[in-house]
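Asks: Next input, structure requested:
(one chain, ligands or ions: 1)
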Amino acid sequence: MGLTGIQIFKLLPKTNCKECGVPTCLAFAMNLAAGKAELSACPYVSEEAKALLSEAAAPPIRPIAIGSAENVVKIGGETVLFRHEKTFVNKPGLAVLVSDAMPAAEIDAKLKRFKELKYERVGLILRPEMVAVKNESGDTGKFETLAKKVKAETDAALILISASAEALTAAVKATADRVPLLYAATDVNSEDLAKLAKEHKCPLAIKADSLEALSKLSDKLTAAGLKDLVLDPGSRTIRRAFEDQIFIRRAALTQKNRSLGFPTITFPCEMTKDPMKEALIASAFVAKYAGIIVLSDLEGESLFPLLVERLNIYTDPQRPMMMQQGIYPIGTPGEDSPVLITTNFSLTYFIVSGEIESSRVASWLLVMDTEGLSVLTAWAAGKFVGDAIGAFIKKSGITEKVKHRRVIIPGAVAAVSGDLEEELGAGWEVKIGPREAAHITAFLKVNA
Ligand code: SF4
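Replies: Numbering: from 1, shown residues only. Have a look, this model is predicted:
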């Protein structure tokens, strides 16, 4: 159980110096207890108090990492029930299930889709990150071979699933450098698996038939020194599983229940045989509140909506997605190529650059820092106006890349052209581009 606000307050300096951003130490203590502040925001906490406060300052759901450096899946670390309260932190890992009882061709096809199904959106690569390797055959050798194959052929973060401690031991020895998640400790095998997880420094999933039993198992393993646990409440109907996810999140956040303060793993693949229904169940767990979602297969038509849903929910609503300010060459532009300017809101950049690419007219795209605002919003906020744009163009270095002095501005801010020409000075020509990005291609073909 975490400390209360009053207990935390007693450990703070009580000088009300306001450096943490709130007016009093009491307000800071309350925020800390509610998971709405970081202890590091107060520079005056003593080392002794820091040690005592570490439990209260720790996220109510423990952050856990699965996988190796190139593809680490971080789950947990959440501090709020609803995204609009602050932000969700670590998106759920999406996994595809392969079993050692499957025909080799089916395994190969699944791994091929795992590797190929990647999508670029707003500068990010959206993809599944995990492969769950299941020991269905009961044969230790087959399981170990499959785990080795998945490790060799993919960069996936691995989930090793077996009821046999012996099979898990063989598979984890072959894949320990990938820091796999071991699934799953139960009342029957928890001591063996706890030993294995400790020995190889791997996170351990725990499974029970009820939340009460899960809490007890979690306490037992925590007392045995295991810190990185992933919870499976065992429910395999959508209603029970959905209720359990919400109960676990609420218990961890609002009741500060440390027994359930771990990320969860869900198995839509075991809840239906209908692929579309499976995708719908998975989409519910993306929103509430899975740490890992295991799918029976990956198909573009169901995977892509899940990836986009996940991106939307796990994007910090308080921070617009931004590009770095600078000059972006599209194609291989030269000294006569057109120069266009836009703002650094990621979506704006990717739409505009995509349209320029489609035109096949090599161009220079100037991206100006407007704190992530889109063109019209930045203009309305006074951040994308004539004098500011002019000052940016002059210091951008574009005059060293082109010999002409023409710049194309978005048609939506045509009103700034006069001020911009004045700011840029003699010799510069400001051309007004189309209002809609969709018309850039046609515009460039005529005006380049
Ligand atoms: Fe109190 Fe520390 Fe905040 Fe100052 S910075 S008001 S000492 S909690």
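Asks: show me the contacts for Asp387.
Replies: Asp387 sits next to Asp419, Leu420, Glu423 when contact means C-beta atoms under 8 Å, 6 or more residues apart in numbering. For every residue, glycine as well, the C-beta is placed using N, CA and C.
Asks: ok, and the last one, which helix or strand is that part of?
Replies: Take DSSP states H and E as the rule and Glu423 turns out to sit in helix 417-424.
Asks: Packing partners of that helix?
Replies: helix 386-396, strand 406-409, strand 429-432 (3 or more C-beta pairs under 8 Å, 6 or more residues apart in numbering; DSSP states H and E).
Asks: Try it again at 6 Å.
Replies: Helix 417-424 sits against helix 386-396, strand 429-432, with contacts defined as 3 or more C-beta pairs under 6 Å, 6 or more residues apart in numbering; DSSP states H and E.
Asks: Including distance to Ile313 and mean pLDDT, could the ones you listed go into JSON lines?
Replies: JSON lines is the format used below for the helices and strands packed on helix 417-424 (distance: least, C-beta to C-beta, whole Å; pLDDT from 0 to 100):
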{"stretch": "helix 386-396", "distance to Ile313": "34", "mean pLDDT": "96"}
{"stretch": "strand 429-432", "distance to Ile313": "38", "mean pLDDT": "96"}
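Asks: all strands for the stretch 51-200 of the chain, in order.
Replies: All strands of the stretch 51-200 of the chain, identified by DSSP state E, counting those that start in this stretch, fall at 64-66, 73-75, 93-99, 119-121, 124-126, 130-134, 157-161, 181-185.
Asks: Could I get these in a markdown table, plus columns for distance to Pro338?
Replies: Output for the strands of the stretch 51-200 of the chain, formatted as a markdown table (distance: least, C-beta to C-beta, whole Å):
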| stretch | distance to Pro338 |
| --- | --- |
| strand 64-66 | 46 |
| strand 73-75 | 42 |
| strand 93-99 | 41 |
| strand 119-121 | 25 |
| strand 124-126 | 28 |
| strand 130-134 | 44 |
| strand 157-161 | 44 |
| strand 181-185 | 51 |
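Asks: Checking the closest residue to Ala279 other than its chain neighbours next. Helix, strand or coil?
Replies: Leaving aside its chain neighbours, Ala279 sits nearest to Ser302 (3.6 Å; criterion: C-beta to C-beta, 6 or more residues apart in numbering). Under DSSP: H, G, I helix; E, B strand; the rest coil, Ser302 falls in the helix class.
Asks: Do you know the pLDDT at Ala57?
Replies: pLDDT, Ala57: 66.
Asks: Oh, that last question was meant for Thr175, not what I typed.
Replies: Reported pLDDT for Thr175: 97.
Asks: do the same with the one 4 residues further on
Replies: The confidence metric pLDDT takes the value 97 at Val179.
Asks: For it, give me its contacts.
Replies: By C-beta atoms under 6 Å, 6 or more residues apart in numbering, the contact set of Val179 is Gly67, Cys202.
Asks: repeat that for 7 Å
Replies: Ala65, Ile66, Gly67, Ser68, Cys202 (C-beta atoms under 7 Å, 6 or more residues apart in numbering).
Asks: hmm, back to that, let's test this: mean pLDDT of the helix holding Glu423, rounded?
Replies: 95.
Asks: Could I get the buried residue list for that helix?
Replies: By neighbour count with 16 or more other C-beta atoms under 10 Å, helix 417-424 contains the buried residues Ser417, Asp419, Leu420, Glu421, Glu423, Leu424.
Asks: What lies in contact with it?
Replies: Helix 417-424 is contacted by residues Val385, Gly386, Asp387, Ile389, Gly390, Ala391, Ile393, Ile409, Trp428, Val430, Ile432 when judged by C-beta under 7 Å, 6+ apart.
Asks: If we ignore the residues flanking it in sequence, what's nearest the fifth one?
Replies: Nearest non-adjacent residue to Gly390, counting by C-beta to C-beta, 6+ apart: Glu423, 2.7 Å away.
Asks: And the last one, by the same measure?
Replies: If the residues on either side of it in the chain are set aside, Ile432 comes closest to Ala414, at 4.6 Å by C-beta to C-beta, 6+ apart.
Asks: Now that neighbour. Its backbone dihedrals?
Replies: Per-residue torsions, Ala414: phi -60, psi -30 (degrees, to the nearest 10).
Asks: So for it, what's the pLDDT?
Replies: So Ala414 comes in at 96 (pLDDT).
Asks: Can you say which helix or strand has the residue in the stretch 251-400 of the chain that the ligand sits nearest to in it?
Replies: At 20.4 Å from the ligand, Lys256 is the closest residue in the stretch 251-400 of the chain, using C-beta to the nearest ligand atom. Under the criterion DSSP H and E, no helix or strand holds Lys256.
Asks: Let me know how buried Pro320 is, in neighbour terms.
Replies: 17 (other C-beta atoms under 10 Å).
Asks: mind listing the helices in the stretch 1-150 of the chain by residue range?
Replies: Per DSSP state H, counting those that start in this stretch, the stretch 1-150 of the chain carries helices over the ranges 5-11, 25-33, 47-57, 104-116, 140-153.
Asks: Point me to the residue sitting closest to the centre of this protein.
Replies: Using C-alpha atoms, centre = their mean, the residue of the chain that lies closest to the mean C-alpha position is Lys91, 4.1 Å off.
Asks: For the stretch 1-150 of the chain, what lies in contact range of the ligand?
Replies: Proximity of the stretch 1-150 of the chain to the ligand, by C-beta under 6 Å from any ligand atom, involves residues Leu12, Pro13, Thr15, Asn16, Cys17, Lys18, Glu19, Cys20, Cys25, Phe28, Cys42, Tyr44.
Asks: Contacts only, for the closest residue in space to the first one that isn't next to it in sequence.
Replies: With C-beta to C-beta, 6+ apart as the measure, Cys25 is the residue that lies nearest to Leu12, at 4.3 Å, once sequence neighbours are left out. For Cys25, the set of contacting residues under the criterion of C-beta under 7 Å, 6+ apart consists of Phe9, Leu12, Pro13, Lys14, Thr15, Asn16.
Asks: TSV for those residues, including pLDDT and neighbour count?
Replies: Shown next, in TSV, are the contacts of Cys25 (pLDDT from 0 to 100; neighbours: other C-beta atoms under 10 Å):
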residue	pLDDT	neighbour count
Phe9	92	19
Leu12	92	22
Pro13	93	13
Lys14	93	13
Thr15	95	11
Asn16	95	14
